[in-house]
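>>> next come a sequence and a model predicted from it.
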Amino acid sequence: MSGSVRTPEFGLDACTVTQELHQAQAASPTVVAACLARAREGAGLDPGEMAVLWFAPQITTEDLYETACLRPARRGRRLETFSPLYMTNTCDAECRMCGMRRDNRALTRETAPVDGVIEQLRILTERGMRAVALLTGEYRKDNRAWALDYVNQALQATQAMEFKHVLINVGSIDEPEFARLLAGVARHADGSVRPKLTMCTFQETYSREVYTKFMGSDPDNPRADFDRRLTNFDRAQRAGMRVANPGILVGLNPDLAFEMNALARHTRHLLGLGMEVYLSVPRLRQIAGSHAQRGASDEQFVRLVSLLSLGMPAAKIVITTREDAPMQAKLAPIVTVLSAGSAAVAPYTPTGARFPLETSQFEVIDQRRFEDVLRQHLGNAHIQNFDPPGAAA
């Protein structure tokens, strides 16, 4: 807003994170016990305390998981959902681990026309899905106007169809470009957007070294600028968006303690800005044209999600059908959002979806209909943003 004080943008000091992790590894049994007691209180943990519990050999992953299941803030919390809608799988970025990277010749490129995107949204609403993520690739400066106009048209359609939550995943964009992305969106008197719109910008890894290894350093590559990506939520907040969805690609950096600590620091910054925060922790999966690539082990993954749940009770943890049904069932009691759907372009039909790896960003493990996924985990309970036809009022 005009005349408001500009809040400092998020910055990550890797040396501070590393020092805190070293201290956590050397924590005494007394400190470990105190951190576990705080976790059981349900009020949250600071990043250093989360690290202490990550490294503590005497605290099993099952201990942390059971504590997360029982924490007071979890009681009465409903599960949310949304479905991803890939509008295109074109991309100007060159991320080595991603099926949509610019130079992946094994991927068949597709872009849905705007009327095709609108038809996809109509299908989702008719099947009861009331929240959607709009996804594109990430584009160089010369191509971003097209991409932002394209997404804006879909965004306008979601508002006309009264979607309750729309997540926008277009990569990091510059400050003036938010006006183009959000053109026509209703605003409150303070300038914030009226509908629930979430900016999704996964850092993938908070390690500069690992980031450069996978995302490159070419200045023409829209993904190569670590700091520009890191501060995208600050720009979104100044543009009137009030919901942020940071995330890490679990397994890209083997040092999960570093990633957890950095993600927790970023989350605390965003909460301090007054933003609602969703945390995404997708695991590395197979892509078209590549051998199977897998992220962290199941045990590491459960430990990570348990500690994020205990440490960041004000944030909403997101898992997807990139995980199989048993892992979804394991984590459902300690997360807030279960997203089900396809990673292919415009994949939805009135009764299901297509899951072709040759047009998808990554492999989706659980390829059941989203209705079947959601019903399995909640039975007859209500799921926020899911109103299947014929359900009792």
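Sure, I can see it.
>>> I'd say residue 350 and residue 128 touch.
No - Residue 350 lies out of contact with residue 128 (Cβ atoms under 8 Å); the separation is 11.9 Å. All C-beta atoms are positioned from the backbone trio N, CA, C, and that covers glycine.
>>> and these two? Which one has more around it.
residue 128 (18 against 8; other Cβ atoms under 10 Å).
>>> right, and that one touches residue 390 too?
No - in this structure residue 128 lies outside contact range of residue 390 using Cβ under 8 Å: 9.0 Å.
>>> show me what contacts the residue most central in space within the chain?
Nearest to the mean C-alpha position of the chain, by Cα atoms, centre = their mean, lies residue 280 at 3.3 Å. With contact set as Cβ atoms under 8 Å, 6 or more residues apart in numbering, residue 280 has these partners: 200, 202, 245, 246, 247, 248, 318, 320.
>>> quick one: which of those residues sit in strands?
Judged by DSSP state E, the subset of the contacts of residue 280 located in strands is 200, 245, 318, 320.
>>> what bits of the chain have low per-residue confidence?
The model of the chain has pLDDT under 70 over residues 1-5, 72-77, 286-295, 359-361, 378-381, 391-393.
>>> where do the helices sit along it?
14-25, 29-41, 47-55, 61-70, 114-126, 141-160, 177-181, 208-215, 226-230, 232-238, 256-272, 298-311, 325-331, 370-378 (DSSP state H).
>>> reformat those helices into a markdown table and put mean neighbour count and distance to residue 190 next to each item.
What follows is the helices of the chain, written out as a markdown table (neighbours: other Cβ atoms under 10 Å; distance: least, Cβ to Cβ, whole Å):
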| stretch | mean neighbour count | distance to residue 190 |
| --- | --- | --- |
| helix 14-25 | 15 | 34 |
| helix 29-41 | 16 | 34 |
| helix 47-55 | 23 | 31 |
| helix 61-70 | 18 | 35 |
| helix 114-126 | 17 | 29 |
| helix 141-160 | 17 | 19 |
| helix 177-181 | 17 | 16 |
| helix 208-215 | 17 | 34 |
| helix 226-230 | 17 | 26 |
| helix 232-238 | 22 | 12 |
| helix 256-272 | 22 | 18 |
| helix 298-311 | 22 | 30 |
| helix 325-331 | 17 | 36 |
| helix 370-378 | 18 | 35 |
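>>> indicate which one of these is closest to residue 191.
helix 232-238 (9.2 Å; Cβ to Cβ).
>>> can you give the distance from the closest one to the centre of its chain?
16 Å (Cα atoms, centre = their mean, to the nearest Å).
>>> now for that helix, which elements pack on it?
strand 197-200, strand 243-245 (3 or more Cβ pairs under 8 Å, 6 or more residues apart in numbering; DSSP states H and E).
>>> looking at these, which is nearest to residue 9?
Here strand 243-245 is closest among those (Cβ to Cβ), at 12.9 Å.
>>> from the contact counts, what lies against the closest one?
Looks like strand 243-245 contacts strand 197-200, helix 232-238, strand 276-280 (3+ Cβ pairs under 8 Å, 6+ apart).
>>> dump the helices of the chain into a markdown table; add distance to residue 168 as well.
As requested, these are arranged in a markdown table below (distance: least, Cβ to Cβ, whole Å):
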| stretch | distance to residue 168 |
| --- | --- |
| helix 14-25 | 29 |
| helix 29-41 | 33 |
| helix 47-55 | 27 |
| helix 61-70 | 29 |
| helix 114-126 | 13 |
| helix 141-160 | 6 |
| helix 177-181 | 7 |
| helix 208-215 | 20 |
| helix 226-230 | 15 |
| helix 232-238 | 9 |
| helix 256-272 | 16 |
| helix 298-311 | 23 |
| helix 325-331 | 25 |
| helix 370-378 | 20 |
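>>> returning to what we had before: which of the contacts of residue 280 ranks first by neighbour count?
Among these, residue 248 has the most neighbours (other Cβ under 10 Å), with 27 neighbours.
>>> what sits closest to that one if chain neighbours are left out?
Nearest residue to residue 248, sequence neighbours excluded (Cβ to Cβ, 6 or more residues apart in numbering): residue 259, at 4.8 Å.
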